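J.: predicted coordinates and the sequence they were generated for:
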Amino acid sequence: MKSLLFCSLFFFVSLNLFSQKMKREYNYLIHVQHQSRVVISDNLRNAELVAAKVSSTQTEEYGYAAKFYIALADNYLAVNEPEKAIFAILRQRTLFPEFELEAISKELYNKAIHDAKILQTSADTVWLATTSQKMRNLDETLRHTVLLRNTFKIANLYKADPEIYTFYQRLLKQNPANLPYCIRQYGFYTALEMTPKHKFKFINRNPNNTLYIPTFESKLEKMKFIRHVKRYCKQTNDLELLNQYKAYQ
């Protein structure tokens, strides 16, 4: 009985501390929002460290975590980083869905989409796929999967690659098997040390092959890709994969 009481008390205290921490981080994002770009940018690095540790299973009362991501998006827009603002909003919608924040998140989302010059139709498709009602019925691992799968549906988010990669690593620890093709493809292209711009350009949303082969615009582009693969295979001593790509070449 004492053990159960202690565990219950520890759980309650942990949740309370988590709530206080998120409230503090949220309030600080609001505080620096109208400061200089240097101050905002410096704080955003710290805010992302917090964001990487937040789990949607930590508390049932995660209102401040949801507000934190909204404020994070607003701060990114203030320093002209709309791609990162988009990813912040998608994190809020999938990991901490709150119907009450729908209007303000939609406004920020549309502004970020406009500033990033992203096609509105693809952005609208992702928005409809991540409604609060749909996300609340999923466990944390599935929410992370939905987050990345939908992130890769929006072109030109490569400027948010460091933040996206952090959540890819988290998902890899949670569910290394049965990842959607586009997420496994992203991981492979990262291992090839391709630039973020090329990674996002090459991701196939609808795969039709067993190898991770993108659609190329030119022969030169294809040669550069194969060169990345060969270097990776030699580093990992993966002769089977190397032979497969040689045959493709």
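T.: Right, received. Where do you want to start? In this text the structure is predicted, and so the values were computed from the model without any measurement.
J.: check contacts around residue 22.
T.: Listed by C-beta atoms under 8 Å, 6 or more residues apart in numbering, the contact set of residue 22 reads 54, 62, 64-65, 68. From N, CA and C alone the C-beta is placed, and that goes for glycine too.
J.: no wait, residue 71
T.: Neighbour list for residue 71: 26, 29-30, 33 [criterion: C-beta under 8 Å, 6+ apart].
J.: check which helix or strand covers the nearest residue to it once chain neighbours are set aside.
T.: Once flanking residues are discounted, residue 71 sits nearest to residue 29: 3.8 Å by C-beta to C-beta, 6 or more residues apart in numbering. Per DSSP states H and E: residue 29 is located in helix 2-32.
J.: how about residue 212?
T.: Residue 212 belongs to no helix or strand, assigned by DSSP H and E.
J.: also the one 4 residues further on?
T.: Element membership for residue 216 (DSSP H and E) is empty, with no helix or strand holding it.
J.: hang on, the earlier thing: and the contacts of residue 71, which are buried?
T.: 26, 29 (16 or more other C-beta atoms under 10 Å).
J.: so what's the residue count around residue 74?
T.: By the criterion of other C-beta atoms under 10 Å, residue 74 has 20 neighbours.
J.: now it: how far from residue 40?
T.: For residue 74, the distance to residue 40 (C-beta to C-beta, to the nearest Å) stands at 10 Å.
J.: so for those two, which residues contact both of them?
T.: Common neighbours of residue 74 and residue 40 (criterion: C-beta under 8 Å, 6+ apart): residue 33.
J.: ok, then the element right after the helix or strand of the chain with the lowest mean pLDDT?
T.: Least confident helix or strand, the chain: helix 2-32 with a mean of 59, by mean pLDDT, DSSP states H and E. As assigned by DSSP H and E, the chain's next helix or strand after helix 2-32 is helix 37-53.
J.: pLDDT below threshold where in the chain?
T.: Residue ranges of the chain with pLDDT under 70: 1-20, 55-61, 205-210, 249.
J.: go ahead and flag the most central residue of it.
T.: Closest to where the C-alpha atoms of the chain average out (C-alpha atoms, centre = their mean) is residue 164, at 3.7 Å.
J.: I'd guessed it sits against residue 149; true?
T.: No - using C-beta atoms under 8 Å, residue 164 makes no contact with residue 149, being 11.7 Å away.
J.: can you pull the contacts of residue 147?
T.: Going by C-beta under 8 Å, 6+ apart, residue 147 touches 90-91, 94-95, 130, 167.
J.: returning to what we had before: closest to residue 225 among the contacts of residue 71?
T.: Closest to residue 225 out of the contacts of residue 71 is residue 29 (39.4 Å), distances taken as C-beta to C-beta.
J.: quick one: the helices in the protein?
T.: 2-32, 37-53, 63-78, 82-95, 102-115, 120-129, 132-135, 140-151, 161-174, 181-191, 196-202, 219-236, 239-248 (DSSP state H).
J.: still on that earlier bit, just send the contacts of residue 71 back as JSON lines, with distance to residue 188 too.
T.: Formatted as JSON lines, the contacts of residue 71 follow (distance: C-beta to C-beta, whole Å):
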{"residue": "26", "distance to residue 188": "36"}
{"residue": "29", "distance to residue 188": "34"}
{"residue": "30", "distance to residue 188": "39"}
{"residue": "33", "distance to residue 188": "38"}
